[in-house]
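*Asks:* Here is a sequence together with a model predicted from it:
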Amino acid sequence: MRVGKRLTSAGLLLALLAAVAPAAAGVDARTAQKIDEEVDKVRAEIIKIRRFLHMNPELSNREFETAKLVAAKLSSLGLDVKTGVALTGVVGLLRGGQPGPTVACRADMDALPIQELANVPFKSLNPGVMHACGHDIHTSVALGTAMVLTSLKDRLKGNLKFIFQPAEEGAPADEEGGASLMIKEGVLDDPPVSAIFALHVWPETFGQAFFSPGEIMASSDWFQITVRGRSAHGARPHEGVDAVVVAAEVVTALQTVVSRSLDPSDPAVVTIGKIEGGVRSNIIAEKVTLEGTVRCLSEANRKRIPQVMENLVKNIAAGSGASSTFDYRPANPSVYNNPELAQTMLPTLVRVLGRDRVQEFKPQLIAEDFAYYAQRIPGFFFFLGVRTPGQPSAPLHSPTFNPDERSVALGIKVMCHLLLDALEKQSVPAGDGLGF
Ligand SMILES: [Zn+2]
Ligand SMILES: [Zn+2]
(Lines give C-alpha, C1' and ligand atoms only; values in the text may rest on other atoms or scores of the structure.)
(Ligands and ions follow the chains in the order given, each with its own letter.)
Protein backbone atom coordinates (compact mmCIF):
# COMPACT_ATOMS: atom_id res chain seq x y z
CA MET A 1 0.00 0.00 0.00
CA ARG A 2 1.15 3.52 -0.64
CA VAL A 3 2.15 5.01 2.66
CA GLY A 4 2.96 8.54 1.66
CA LYS A 5 5.19 10.62 -0.52
CA ARG A 6 8.88 9.92 -0.93
CA LEU A 7 9.88 8.96 2.59
CA THR A 8 13.55 9.27 1.90
CA SER A 9 15.76 10.09 -1.04
CA ALA A 10 17.79 7.47 -2.84
CA GLY A 11 20.88 9.48 -1.96
CA LEU A 12 20.15 9.09 1.69
CA LEU A 13 19.40 5.42 1.32
CA LEU A 14 22.60 4.82 -0.58
CA ALA A 15 24.59 6.72 1.99
CA LEU A 16 23.09 4.49 4.65
CA LEU A 17 23.94 1.46 2.60
CA ALA A 18 27.53 2.52 2.16
CA ALA A 19 27.80 2.33 5.93
CA VAL A 20 26.08 -1.04 6.34
CA ALA A 21 26.84 -2.79 3.03
CA PRO A 22 29.61 -5.12 4.28
CA ALA A 23 27.28 -6.52 6.92
CA ALA A 24 24.27 -6.79 4.60
CA ALA A 25 22.99 -10.33 4.76
CA GLY A 26 21.82 -12.14 1.66
CA VAL A 27 22.34 -15.38 -0.21
CA ASP A 28 25.40 -17.27 1.05
CA ALA A 29 28.60 -17.57 -0.97
CA ARG A 30 27.80 -21.13 -2.11
CA THR A 31 24.40 -20.13 -3.43
CA ALA A 32 25.89 -17.08 -5.13
CA GLN A 33 28.42 -19.30 -6.85
CA LYS A 34 25.71 -21.74 -7.87
CA ILE A 35 23.72 -18.86 -9.39
CA ASP A 36 26.78 -17.83 -11.44
CA GLU A 37 27.27 -21.41 -12.66
CA GLU A 38 23.62 -21.81 -13.59
CA VAL A 39 23.55 -18.44 -15.39
CA ASP A 40 26.54 -19.64 -17.42
CA LYS A 41 24.68 -22.85 -18.26
CA VAL A 42 21.52 -21.10 -19.53
CA ARG A 43 23.28 -18.20 -21.24
CA ALA A 44 23.43 -19.63 -24.78
CA GLU A 45 19.86 -20.92 -24.73
CA ILE A 46 18.42 -17.73 -23.36
CA ILE A 47 20.21 -15.57 -25.95
CA LYS A 48 18.73 -17.84 -28.61
CA ILE A 49 15.29 -17.29 -27.08
CA ARG A 50 15.86 -13.52 -26.92
CA ARG A 51 16.81 -13.40 -30.58
CA PHE A 52 13.78 -15.48 -31.53
CA LEU A 53 11.54 -13.08 -29.61
CA HIS A 54 13.24 -10.10 -31.21
CA MET A 55 12.73 -11.55 -34.69
CA ASN A 56 9.09 -12.36 -33.98
CA PRO A 57 7.69 -9.35 -32.12
CA GLU A 58 3.95 -9.20 -31.45
CA LEU A 59 1.76 -6.22 -30.64
CA SER A 60 -0.17 -5.68 -27.41
CA ASN A 61 -2.83 -8.33 -26.71
CA ARG A 62 -1.58 -10.30 -29.72
CA GLU A 63 1.39 -11.99 -28.03
CA PHE A 64 0.21 -15.45 -29.13
CA GLU A 65 3.50 -17.06 -30.21
CA THR A 66 5.48 -15.34 -27.45
CA ALA A 67 3.05 -16.71 -24.86
CA LYS A 68 3.28 -20.20 -26.37
CA LEU A 69 7.07 -20.14 -26.16
CA VAL A 70 7.00 -18.86 -22.57
CA ALA A 71 4.40 -21.40 -21.45
CA ALA A 72 6.28 -24.29 -23.09
CA LYS A 73 9.54 -23.31 -21.42
CA LEU A 74 7.94 -22.87 -17.98
CA SER A 75 6.14 -26.23 -18.33
CA SER A 76 9.38 -27.96 -19.29
CA LEU A 77 10.86 -26.65 -16.03
CA GLY A 78 8.02 -28.26 -14.08
CA LEU A 79 6.33 -25.04 -12.96
CA ASP A 80 2.55 -24.80 -12.47
CA VAL A 81 1.60 -22.85 -15.58
CA LYS A 82 -1.52 -20.82 -16.28
CA THR A 83 -2.11 -19.47 -19.76
CA GLY A 84 -4.70 -17.10 -21.18
CA VAL A 85 -4.46 -14.77 -18.18
CA ALA A 86 -5.60 -11.32 -19.35
CA LEU A 87 -5.90 -12.77 -22.87
CA THR A 88 -2.33 -13.83 -23.66
CA GLY A 89 -0.61 -13.60 -20.27
CA VAL A 90 1.26 -16.54 -18.76
CA VAL A 91 1.93 -17.19 -15.09
CA GLY A 92 4.33 -19.81 -13.77
CA LEU A 93 4.49 -20.81 -10.13
CA LEU A 94 7.70 -22.31 -8.83
CA ARG A 95 7.07 -23.98 -5.48
CA GLY A 96 10.11 -23.85 -3.24
CA GLY A 97 11.43 -26.74 -1.22
CA GLN A 98 10.77 -24.93 2.04
CA PRO A 99 7.65 -23.16 3.26
CA GLY A 100 7.45 -19.40 3.01
CA PRO A 101 5.84 -16.46 1.27
CA THR A 102 5.35 -15.96 -2.46
CA VAL A 103 7.31 -13.29 -4.29
CA ALA A 104 6.75 -12.34 -7.93
CA CYS A 105 8.88 -11.35 -10.90
CA ARG A 106 7.05 -9.56 -13.69
CA ALA A 107 8.05 -9.26 -17.34
CA ASP A 108 6.13 -7.66 -20.20
CA MET A 109 5.96 -9.36 -23.60
CA ASP A 110 4.56 -6.88 -26.15
CA ALA A 111 6.29 -5.00 -28.95
CA LEU A 112 5.60 -1.67 -30.67
CA PRO A 113 4.29 -0.63 -34.10
CA ILE A 114 7.72 0.53 -35.32
CA GLN A 115 9.69 -0.58 -38.39
CA GLU A 116 13.06 -1.75 -37.13
CA LEU A 117 16.12 0.05 -38.48
CA ALA A 118 18.71 -1.43 -36.10
CA ASN A 119 21.45 -3.21 -37.99
CA VAL A 120 21.36 -6.59 -36.25
CA PRO A 121 21.44 -10.11 -37.73
CA PHE A 122 18.28 -10.98 -35.81
CA LYS A 123 16.17 -8.12 -37.16
CA SER A 124 12.39 -8.21 -36.80
CA LEU A 125 10.69 -10.43 -39.39
CA ASN A 126 7.32 -8.84 -38.65
CA PRO A 127 7.02 -5.74 -40.86
CA GLY A 128 6.21 -2.59 -38.91
CA VAL A 129 6.56 -4.29 -35.52
CA MET A 130 9.62 -4.14 -33.29
CA HIS A 131 10.77 -4.83 -29.76
CA ALA A 132 11.80 -1.20 -29.36
CA CYS A 133 11.11 -1.06 -25.63
CA GLY A 134 13.24 -4.09 -24.74
CA HIS A 135 10.38 -6.33 -23.65
CA ASP A 136 12.17 -9.19 -25.44
CA ILE A 137 15.00 -8.67 -22.94
CA HIS A 138 12.56 -8.52 -20.00
CA THR A 139 10.83 -11.75 -21.07
CA SER A 140 14.20 -13.48 -21.53
CA VAL A 141 15.45 -12.29 -18.15
CA ALA A 142 12.34 -13.61 -16.38
CA LEU A 143 12.52 -16.94 -18.25
CA GLY A 144 16.23 -17.28 -17.50
CA THR A 145 15.58 -16.47 -13.85
CA ALA A 146 12.95 -19.20 -13.72
CA MET A 147 15.45 -21.62 -15.29
CA VAL A 148 18.22 -20.79 -12.83
CA LEU A 149 16.04 -20.77 -9.74
CA THR A 150 14.37 -24.06 -10.69
CA SER A 151 17.78 -25.65 -10.21
CA LEU A 152 17.93 -24.05 -6.76
CA LYS A 153 14.37 -25.03 -5.90
CA ASP A 154 15.25 -26.97 -2.75
CA ARG A 155 16.82 -23.88 -1.20
CA LEU A 156 13.82 -21.61 -1.84
CA LYS A 157 12.12 -20.50 1.34
CA GLY A 158 8.77 -19.95 -0.32
CA ASN A 159 7.39 -19.71 -3.83
CA LEU A 160 8.18 -17.64 -6.87
CA LYS A 161 5.55 -16.44 -9.29
CA PHE A 162 6.74 -15.52 -12.76
CA ILE A 163 4.29 -13.15 -14.41
CA PHE A 164 4.50 -12.68 -18.18
CA GLN A 165 2.19 -9.82 -18.99
CA PRO A 166 0.69 -8.70 -22.28
CA ALA A 167 -0.11 -5.16 -23.43
CA GLU A 168 2.17 -3.06 -21.24
CA GLU A 169 2.27 -0.51 -24.05
CA GLY A 170 -1.52 -0.25 -23.89
CA ALA A 171 -4.30 -2.46 -25.19
CA PRO A 172 -5.76 -1.69 -28.61
CA ALA A 173 -8.77 0.66 -28.64
CA ASP A 174 -11.89 -0.92 -27.12
CA GLU A 175 -9.91 -3.74 -25.53
CA GLU A 176 -8.88 -4.27 -21.94
CA GLY A 177 -5.41 -5.51 -21.13
CA GLY A 178 -2.13 -5.24 -19.31
CA ALA A 179 -1.36 -5.21 -15.61
CA SER A 180 -4.79 -4.07 -14.41
CA LEU A 181 -6.50 -6.94 -16.19
CA MET A 182 -3.91 -9.43 -14.90
CA ILE A 183 -4.69 -8.26 -11.37
CA LYS A 184 -8.43 -8.44 -12.00
CA GLU A 185 -7.93 -12.04 -13.11
CA GLY A 186 -6.19 -12.87 -9.83
CA VAL A 187 -2.51 -12.87 -10.69
CA LEU A 188 -1.59 -11.52 -7.23
CA ASP A 189 -3.76 -14.11 -5.44
CA ASP A 190 -3.64 -17.86 -4.86
CA PRO A 191 -1.05 -17.96 -3.45
CA PRO A 192 -1.05 -14.30 -2.46
CA VAL A 193 2.04 -12.39 -3.56
CA SER A 194 3.79 -10.36 -0.86
CA ALA A 195 6.22 -8.37 -3.03
CA ILE A 196 6.80 -7.90 -6.75
CA PHE A 197 9.97 -7.14 -8.73
CA ALA A 198 10.63 -5.93 -12.26
CA LEU A 199 13.36 -4.30 -14.27
CA HIS A 200 13.32 -2.19 -17.42
CA VAL A 201 16.17 -1.76 -19.84
CA TRP A 202 17.56 1.77 -19.97
CA PRO A 203 19.73 3.09 -22.80
CA GLU A 204 22.52 4.34 -20.55
CA THR A 205 25.75 2.98 -19.11
CA PHE A 206 25.87 -0.80 -19.33
CA GLY A 207 25.52 -2.69 -16.07
CA GLN A 208 24.33 0.25 -13.97
CA ALA A 209 21.13 -0.02 -11.97
CA PHE A 210 19.08 3.15 -11.70
CA PHE A 211 16.73 3.31 -8.78
CA SER A 212 14.62 5.65 -6.72
CA PRO A 213 12.54 4.88 -3.63
CA GLY A 214 9.04 6.33 -3.71
CA GLU A 215 7.74 7.47 -7.10
CA ILE A 216 10.06 6.38 -9.91
CA MET A 217 7.73 6.96 -12.86
CA ALA A 218 4.73 9.14 -13.54
CA SER A 219 1.03 8.59 -13.92
CA SER A 220 -0.16 8.86 -17.49
CA ASP A 221 -3.61 10.17 -18.37
CA TRP A 222 -5.22 10.90 -21.74
CA PHE A 223 -7.34 13.86 -22.72
CA GLN A 224 -9.23 15.17 -25.71
CA ILE A 225 -10.57 18.68 -26.13
CA THR A 226 -13.00 19.68 -28.82
CA VAL A 227 -13.52 23.31 -29.72
CA ARG A 228 -16.58 24.10 -31.77
CA GLY A 229 -17.02 27.48 -33.49
CA ARG A 230 -19.07 28.46 -36.53
CA SER A 231 -17.99 28.10 -40.11
CA ALA A 232 -17.84 31.08 -42.47
CA HIS A 233 -15.99 32.31 -45.57
CA GLY A 234 -12.28 32.67 -44.89
CA ALA A 235 -12.49 36.31 -45.98
CA ARG A 236 -15.46 37.11 -43.69
CA PRO A 237 -14.32 35.95 -40.21
CA HIS A 238 -16.72 38.31 -38.45
CA GLU A 239 -19.59 36.10 -39.64
CA GLY A 240 -18.23 32.98 -37.94
CA VAL A 241 -16.39 31.81 -34.83
CA ASP A 242 -12.89 30.60 -35.72
CA ALA A 243 -12.24 27.29 -33.92
CA VAL A 244 -8.57 27.39 -35.04
CA VAL A 245 -7.90 30.68 -33.25
CA VAL A 246 -9.73 29.50 -30.12
CA ALA A 247 -7.79 26.20 -30.18
CA ALA A 248 -4.51 28.11 -30.53
CA GLU A 249 -5.41 30.13 -27.43
CA VAL A 250 -6.25 26.92 -25.59
CA VAL A 251 -2.86 25.40 -26.52
CA THR A 252 -1.04 28.49 -25.25
CA ALA A 253 -3.09 28.71 -22.06
CA LEU A 254 -2.52 25.04 -21.25
CA GLN A 255 1.23 25.77 -21.03
CA THR A 256 0.45 27.75 -17.89
CA VAL A 257 -1.16 24.82 -16.08
CA VAL A 258 2.19 23.43 -14.96
CA SER A 259 4.11 26.73 -14.85
CA ARG A 260 1.51 28.80 -12.95
CA SER A 261 -0.90 26.48 -11.15
CA LEU A 262 1.30 23.79 -9.61
CA ASP A 263 3.96 23.58 -6.93
CA PRO A 264 7.19 23.77 -8.96
CA SER A 265 8.89 21.23 -6.71
CA ASP A 266 6.39 18.57 -7.77
CA PRO A 267 6.99 17.90 -11.49
CA ALA A 268 4.25 17.37 -14.06
CA VAL A 269 3.86 17.56 -17.83
CA VAL A 270 0.93 18.59 -20.01
CA THR A 271 1.56 17.73 -23.65
CA ILE A 272 -0.72 18.21 -26.62
CA GLY A 273 0.46 15.71 -29.16
CA LYS A 274 -2.23 15.96 -31.79
CA ILE A 275 -4.34 18.71 -33.38
CA GLU A 276 -6.90 18.16 -36.05
CA GLY A 277 -9.27 20.73 -37.48
CA GLY A 278 -10.59 22.74 -40.37
CA VAL A 279 -11.40 21.67 -43.89
CA ARG A 280 -9.85 24.12 -46.32
CA SER A 281 -7.53 27.12 -46.49
CA ASN A 282 -10.30 29.62 -47.21
CA ILE A 283 -12.94 28.37 -44.77
CA ILE A 284 -13.19 29.45 -41.13
CA ALA A 285 -12.85 26.18 -39.22
CA GLU A 286 -15.92 24.99 -37.39
CA LYS A 287 -14.21 22.34 -35.28
CA VAL A 288 -10.75 21.56 -33.86
CA THR A 289 -9.81 18.54 -31.78
CA LEU A 290 -6.78 18.48 -29.49
CA GLU A 291 -5.38 15.34 -27.89
CA GLY A 292 -2.68 14.94 -25.29
CA THR A 293 -1.19 13.34 -22.23
CA VAL A 294 -0.76 14.46 -18.63
CA ARG A 295 2.07 13.08 -16.49
CA CYS A 296 2.32 13.51 -12.70
CA LEU A 297 4.24 12.04 -9.82
CA SER A 298 1.77 13.02 -7.10
CA GLU A 299 -1.90 12.24 -6.75
CA ALA A 300 -2.43 15.87 -5.70
CA ASN A 301 -1.33 17.12 -9.12
CA ARG A 302 -3.22 14.34 -10.82
CA LYS A 303 -6.40 15.56 -9.20
CA ARG A 304 -5.76 19.26 -9.72
CA ILE A 305 -4.57 19.36 -13.35
CA PRO A 306 -7.82 18.23 -15.05
CA GLN A 307 -9.79 20.74 -12.96
CA VAL A 308 -7.52 23.63 -14.03
CA MET A 309 -7.52 22.45 -17.65
CA GLU A 310 -11.27 22.11 -17.87
CA ASN A 311 -11.79 25.55 -16.40
CA LEU A 312 -9.35 27.18 -18.85
CA VAL A 313 -10.80 25.43 -21.88
CA LYS A 314 -14.39 26.26 -20.95
CA ASN A 315 -13.69 29.92 -20.27
CA ILE A 316 -11.48 30.53 -23.31
CA ALA A 317 -14.05 28.93 -25.60
CA ALA A 318 -16.95 30.80 -24.00
CA GLY A 319 -15.07 34.09 -24.15
CA SER A 320 -14.82 33.72 -27.92
CA GLY A 321 -18.34 32.55 -28.52
CA ALA A 322 -17.26 28.96 -29.12
CA SER A 323 -18.24 25.83 -27.23
CA SER A 324 -15.99 23.08 -25.95
CA THR A 325 -15.95 19.55 -24.63
CA PHE A 326 -13.32 18.12 -22.29
CA ASP A 327 -12.78 14.37 -22.08
CA TYR A 328 -10.20 13.26 -19.50
CA ARG A 329 -9.42 9.60 -18.92
CA PRO A 330 -7.08 8.40 -16.17
CA ALA A 331 -4.77 5.60 -17.28
CA ASN A 332 -1.68 4.34 -15.40
CA PRO A 333 -1.01 5.61 -11.88
CA SER A 334 2.57 6.57 -10.99
CA VAL A 335 5.01 3.74 -10.28
CA TYR A 336 5.76 3.66 -6.59
CA ASN A 337 8.75 1.89 -5.12
CA ASN A 338 7.79 0.90 -1.59
CA PRO A 339 10.43 2.61 0.60
CA GLU A 340 10.56 -0.20 3.19
CA LEU A 341 11.03 -2.81 0.47
CA ALA A 342 13.63 -0.54 -1.15
CA GLN A 343 15.54 -0.27 2.09
CA THR A 344 15.49 -4.04 2.48
CA MET A 345 16.44 -4.86 -1.11
CA LEU A 346 18.89 -2.13 -2.10
CA PRO A 347 21.75 -3.92 -0.30
CA THR A 348 21.17 -6.81 -2.71
CA LEU A 349 21.58 -4.55 -5.76
CA VAL A 350 24.70 -3.04 -4.22
CA ARG A 351 26.13 -6.47 -3.36
CA VAL A 352 25.56 -7.92 -6.84
CA LEU A 353 26.52 -4.91 -8.96
CA GLY A 354 28.86 -2.94 -6.73
CA ARG A 355 28.23 0.31 -4.88
CA ASP A 356 29.28 2.56 -7.77
CA ARG A 357 26.92 0.76 -10.14
CA VAL A 358 23.77 1.54 -8.22
CA GLN A 359 22.77 5.06 -9.14
CA GLU A 360 20.19 7.39 -7.73
CA PHE A 361 17.65 8.12 -10.41
CA LYS A 362 15.45 11.14 -10.66
CA PRO A 363 11.83 10.05 -11.16
CA GLN A 364 11.04 9.92 -14.86
CA LEU A 365 7.84 11.29 -16.36
CA ILE A 366 7.46 8.22 -18.54
CA ALA A 367 4.91 5.62 -17.42
CA GLU A 368 4.73 1.86 -16.84
CA ASP A 369 1.72 -0.21 -15.92
CA PHE A 370 3.79 -2.00 -13.25
CA ALA A 371 2.19 0.85 -11.26
CA TYR A 372 -0.96 -1.25 -10.77
CA TYR A 373 0.90 -4.08 -9.04
CA ALA A 374 2.82 -1.60 -6.88
CA GLN A 375 -0.48 0.00 -5.86
CA ARG A 376 -1.69 -3.32 -4.49
CA ILE A 377 1.45 -4.80 -2.93
CA PRO A 378 5.01 -3.58 -2.24
CA GLY A 379 6.83 -3.22 -5.55
CA PHE A 380 10.49 -2.82 -6.50
CA PHE A 381 11.19 -1.48 -10.00
CA PHE A 382 14.59 -0.52 -11.33
CA PHE A 383 16.23 0.30 -14.64
CA LEU A 384 19.20 -1.63 -15.94
CA GLY A 385 21.72 0.14 -18.19
CA VAL A 386 21.98 -1.69 -21.53
CA ARG A 387 23.93 0.66 -23.74
CA THR A 388 26.87 -1.05 -25.45
CA PRO A 389 30.06 0.71 -24.35
CA GLY A 390 31.42 2.94 -27.11
CA GLN A 391 28.20 2.82 -29.11
CA PRO A 392 25.89 5.80 -29.55
CA SER A 393 22.73 5.56 -27.50
CA ALA A 394 19.44 4.96 -29.29
CA PRO A 395 16.41 5.83 -27.17
CA LEU A 396 13.64 3.47 -26.13
CA HIS A 397 10.79 3.42 -28.67
CA SER A 398 13.19 4.38 -31.48
CA PRO A 399 13.67 2.24 -34.62
CA THR A 400 17.38 1.85 -33.87
CA PHE A 401 17.07 0.77 -30.23
CA ASN A 402 19.58 -2.04 -29.76
CA PRO A 403 20.31 -3.07 -26.17
CA ASP A 404 23.54 -4.87 -25.31
CA GLU A 405 22.62 -8.56 -25.12
CA ARG A 406 24.91 -9.16 -22.19
CA SER A 407 22.21 -7.44 -20.17
CA VAL A 408 20.16 -10.64 -20.30
CA ALA A 409 22.62 -12.70 -18.22
CA LEU A 410 23.28 -9.75 -15.92
CA GLY A 411 19.55 -9.18 -15.47
CA ILE A 412 19.04 -12.85 -14.63
CA LYS A 413 21.78 -12.76 -12.03
CA VAL A 414 20.42 -9.60 -10.38
CA MET A 415 16.84 -10.88 -10.43
CA CYS A 416 17.87 -14.25 -8.93
CA HIS A 417 19.59 -12.53 -6.02
CA LEU A 418 16.68 -10.14 -5.46
CA LEU A 419 14.08 -12.91 -5.39
CA LEU A 420 16.13 -15.21 -3.16
CA ASP A 421 16.93 -12.40 -0.75
CA ALA A 422 13.30 -11.29 -0.70
CA LEU A 423 12.15 -14.79 0.28
CA GLU A 424 14.95 -15.08 2.81
CA LYS A 425 14.26 -11.72 4.43
CA GLN A 426 10.50 -12.24 4.56
CA SER A 427 10.94 -15.69 6.09
CA VAL A 428 12.65 -14.31 9.21
CA PRO A 429 10.35 -15.17 12.18
CA ALA A 430 7.83 -12.51 13.10
CA GLY A 431 9.27 -9.93 15.44
CA ASP A 432 12.74 -9.96 13.89
CA GLY A 433 11.42 -9.87 10.35
CA LEU A 434 11.61 -7.10 7.84
CA GLY A 435 7.93 -7.23 7.01
CA PHE A 436 7.14 -5.32 3.87
ZN1 LIG B 1 7.59 1.22 -23.94
ZN1 LIG C 1 8.71 -0.86 -21.77
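*Replies:* Yes, it's here. Numbering: from 1, shown residues only. Ligands and ions are numbered 1, 2, ... in the order given.

*Asks:* And for stretch 327-336, what's in contact with it?
*Replies:* Contacts with stretch 327-336, where a contact means C-beta atoms under 8 Å, 6 or more residues apart in numbering, come from 2, 170, 214-226, 294, 296-299, 302, 306, 309-310, 363, 367-372, 374-375, 379, 381. Just so you know, the C-beta spots here come from the backbone N, C-alpha and C atoms, and that holds for glycine as well.

*Asks:* buried set for that stretch?
*Replies:* 331-336 (16 or more other C-beta atoms under 10 Å).

*Asks:* swap in stretch 26-33?
*Replies:* For stretch 26-33, a neighbour-count test (16+ other C-beta under 10 Å) marks 26-27, 31-32 as buried.

*Asks:* quick one: low-confidence ranges for the stretch 301-436 of the chain?
*Replies:* The model of the stretch 301-436 of the chain has pLDDT under 70 over residues 428-436.

*Asks:* In the stretch 1-150 of the chain, what residue spans correspond to helices?
*Replies:* 10-20, 29-55, 64-76, 135-150 (DSSP state H, counting those that start in this stretch).

*Asks:* Mean neighbour count, these: which tops it?
*Replies:* Among the helices of the stretch 1-150 of the chain, the stretch with the highest mean neighbour count (mean count of other C-beta atoms under 10 Å) is helix 135-150, at a mean of 27.

*Asks:* for the record, mean pLDDT for that helix?
*Replies:* In this model, helix 135-150 has an average pLDDT of 98.

*Asks:* Show me what that helix is packed up against.
*Replies:* helix 29-55, helix 64-76, strand 89-95, strand 98-108, strand 157-165, strand 193-205, helix 406-426 (3 or more C-beta pairs under 8 Å, 6 or more residues apart in numbering; DSSP states H and E).

*Asks:* ok so, going back, any chance of the helices of the stretch 1-150 of the chain in JSON lines, plus distance to G273?
*Replies:* Below are the helices of the stretch 1-150 of the chain laid out as JSON lines (distance: least, C-beta to C-beta, whole Å):
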{"stretch": "helix 10-20", "distance to G273": "31"}
{"stretch": "helix 29-55", "distance to G273": "28"}
{"stretch": "helix 64-76", "distance to G273": "29"}
{"stretch": "helix 135-150", "distance to G273": "23"}
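
*Asks:* In contact with A32, which residues?
*Replies:* Contacts of A32 (C-beta under 8 Å, 6+ apart): H417.

*Asks:* mind checking pLDDT for it?
*Replies:* With respect to pLDDT, A32 scores 96.

*Asks:* what does the one 3 residues further on give?
*Replies:* What the model reports for I35 is a pLDDT of 98.
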